[in-house]
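1. Can you look at this prediction? I've put the sequence above it.
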Amino acid sequence: MEKWRALVAAEQEVARCRAEVNQLPSRVDLLAKALSSSSAWDRSSALDFLHLFPEDVPKLLDLLVDLSLSTGWALPARVAIRAARKEIDPSKFARVALECLSDGEVEDYLRLADLLAEVEAWEALSAVIGKAAESSDAEIREVSRSFTESHGGMLP
């Protein structure tokens with residue numbers, strides 16, 4: 001029982017600290033540095049924070065989409081993006097998605113298209129599908145075909 005009480009006390013302290021960080025005027029800069037950090041603890045804490053307080057997700061979308069393409073950070077980045085999906089400007093989402101694919105591999109196209117479909121970012125998904133269709137790589141063109149087939153009715 002003593003260990004449980006210690007865990008509860010630690011969780012309460014974390015919640016108090018999160019609330020204080022949420023009041024900081026420099027919060028977005030702090031989160032951007034944490035998301036760009038090589039420290040797994042910094043990134044993990046920033047992603048957890050953004051999941052609980054998603055207000056800054058649109059401002060950090062480029063970093064979050066980039067993290068969503070990496071194997072180790074894909075899931076928590078997706079969770080943070082999903083928490084704010086209704087607040088993200090569709091044209092910004094499309095621009096950020098295309099920028100992340102500048103030298104994209106087939107896995108990047110798959111991960112990004114899957115994320116965009118999951119959060120119902122149809123304009124961005126349409127842009128990614130269009131870019132994939134123009135690729136000289138047959139596997140990337142297949143991503144376009146597959147997502148057009150499965151989500152074509154939702155696309156603008």
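-> Yep, that arrived. It should be emphasised that the depicted structure is a prediction, and the values quoted were computed from it without experimental measurement. Residues are numbered from 1 along each chain as shown.

2. what does the average pLDDT come to for the helix or strand harbouring Glu99?
-> Assigned by DSSP states H and E, Glu99 belongs to helix 90-100. For helix 90-100, mean pLDDT rounds to 93.

3. so what's the nearest residue to Ala97 once chain neighbours are set aside up against?
-> Nearest residue to Ala97 in three dimensions, chain neighbours excluded: Ala124, at 4.6 Å (CB to CB, 6 or more residues apart in numbering). (C-beta placed from N, C-alpha, C; glycine too.) By CB atoms under 8 Å, 6 or more residues apart in numbering, the contact list for Ala124 reads 90, 93-94, 96-97, 116.

4. And for the lengthiest helix in the chain, what's in contact with it?
-> Scanning the chain for the longest helix, with DSSP state H as the assignment, gives helix 2-22. Defining contact as CB under 8 Å, 6+ apart, one finds that helix 2-22 is touched by 27, 30, 49, 52-53.

5. Let's see that with 7 Å instead.
-> Residues outside helix 2-22 that contact it (CB atoms under 7 Å, 6 or more residues apart in numbering): 27, 49, 52-53.

6. Next: stretch 55-72.
-> So stretch 55-72 is in contact with 27-28, 31-32, 35-36, 50, 73-74, 77-78, 80-81, 83-84, 87-89, 92-93, 96-97, 99-100, 108, 111-112, 115, going by CB under 7 Å, 6+ apart.
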